[in-house]
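Enquirer: Fold the following for me, if possible:
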Amino acid sequence: MDLSVVVPTLNGRDRLAACLDGVAAHAPDAEVVVVNGPSADGTTGMVRDRDDVDVLVEISDRTVNVARNAGIEVATGDAVALVNYDNRIDESWVDGVVDGLGRAGVVTGPVGSAAHDAADADDPFSAEADGDAAADRTDYPERRQIAGRDVTYFAGGNVAFRREVLRDLDGFDEYLHTGGSRDTAHRLARMDHEIVWNDAVAVTNEPASQPAADGGRVERDWRWKYRALAYRLAKNYGIRPTVLGRTGKHAVTDAASTARDVISGEATPSGWAAHGRDVLMGIAGGSADGMVARARDRTPRRNPNGLSARADRAVAKYDRRE
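Expert: Below is the predicted model:
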């Protein structure tokens, strides 16, 4: 099996270097593709100075799903793995990928972390930027049944696909700033592609060395969280009671959590009201856009904003294979 490892990154030079060191040590035969967002920390120079990176793709977008598609586009392996820049693969990782892809079209595994840094939640390329934290920092597979369909979620920063599965998916949905892996899990379930869990496909998340200036508390973008949630549910399932109920359950849970912050003095009543407004606007906008996307792509892949939708992601490419 020819394996390509795609590493999206944005302003994470030191953690990216540790990630690449791990790939070089434990997957020395893999093709390595780094996709760099508009970083301002010297990432480009660091990567170009290394001789263990086959391709560096520079993009202008700050969304991880664009970066993933840009990497998939240039990768040549018949298996393509996505590893976040802040994850370091374990010694068993390659064997686990080979074993998992021998049994199914997609394999994922545990993401461990010695310490959780809340500052990463606001990083669009970090492990927590892909939806619910539980899906990206876990030691067990997360599964849900939605509209009669069994959905297995996966960690977007620790997953490997057979090439033909990525072709069927047409990559990731670039409409989404967050929740791309969860959307992909819904689409995989619709197309009956199995996702297997393998404990050997393990990575360790490297926390940021500097805490957030306010001690680690980060304001969540409520509007985008619910816009993404409503979009992917409407796009994949249409508007139905189970979808509305699932969205409402998330909203009630978050409203209660914010209300507790108001009671404890960590948030203000006006802030709670603003959060509620953002949630409602996010649900309305995401639902409308999701139904438009559903109409634009009626195929099982449900991806009108995928890999084939554009060819201008890269602003520069440095390819050692040429």
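
Enquirer: all contacts plus neighbour counts: C-alpha atoms, from now on.
Expert: Will do.

Enquirer: three-state assignment of L56?
Expert: On the three-state scheme (DSSP: H, G, I helix; E, B strand; the rest coil), L56 is labelled strand.

Enquirer: Run through the residues that contact it.
Expert: With contact taken as CA atoms under 8 Å, 6 or more residues apart in numbering, L56 is in contact with V33, V34, V35, N36, V47, R48, K317, Y318, D319.

Enquirer: Return the set of residues that bridge with the second one.
Expert: Using DSSP bridges, the beta-bridge partners of V34 come out as V7, L56.

Enquirer: does it really touch L10, like I thought?
Expert: No: contact between V34 and L10 fails when scored by CA atoms under 8 Å: they sit 10.4 Å apart.

Enquirer: between the two, who's got more neighbours?
Expert: Neighbour comparison, V34 and L10: the larger count goes to V34, with 27 against 24 (by other CA atoms under 10 Å).

Enquirer: What helices and strands are in contact with whichever helix in the chain runs longest?
Expert: Counting by DSSP state H, the longest helix found in the chain is helix 269-296. Contacts defined by 3 or more CA pairs under 8 Å, 6 or more residues apart in numbering; DSSP states H and E place helix 269-296 against helix 222-237, helix 241-264.

Enquirer: secondary structure class for A200?
Expert: Of the three states, A200 takes coil under three-state DSSP.

Enquirer: Contacts only, for S287.
Expert: Contact analysis of S287 by CA under 8 Å, 6+ apart lists R227, A230, Y231, L233, A234, K235.

Enquirer: Next: D29.
Expert: Shown in contact with D29 (CA under 8 Å, 6+ apart): L3.

Enquirer: mind checking how far it is from V98?
Expert: 13 Å (CA to CA, to the nearest Å).

Enquirer: try P8
Expert: In terms of CA to CA, P8 sits 22 Å off from V98.

Enquirer: what comes up buried for stretch 64-74?
Expert: Judged by neighbour count (16 or more other CA atoms under 10 Å), stretch 64-74 contains these buried residues: V64, N65, V66, A67, R68, N69, A70, G71, I72, V74.
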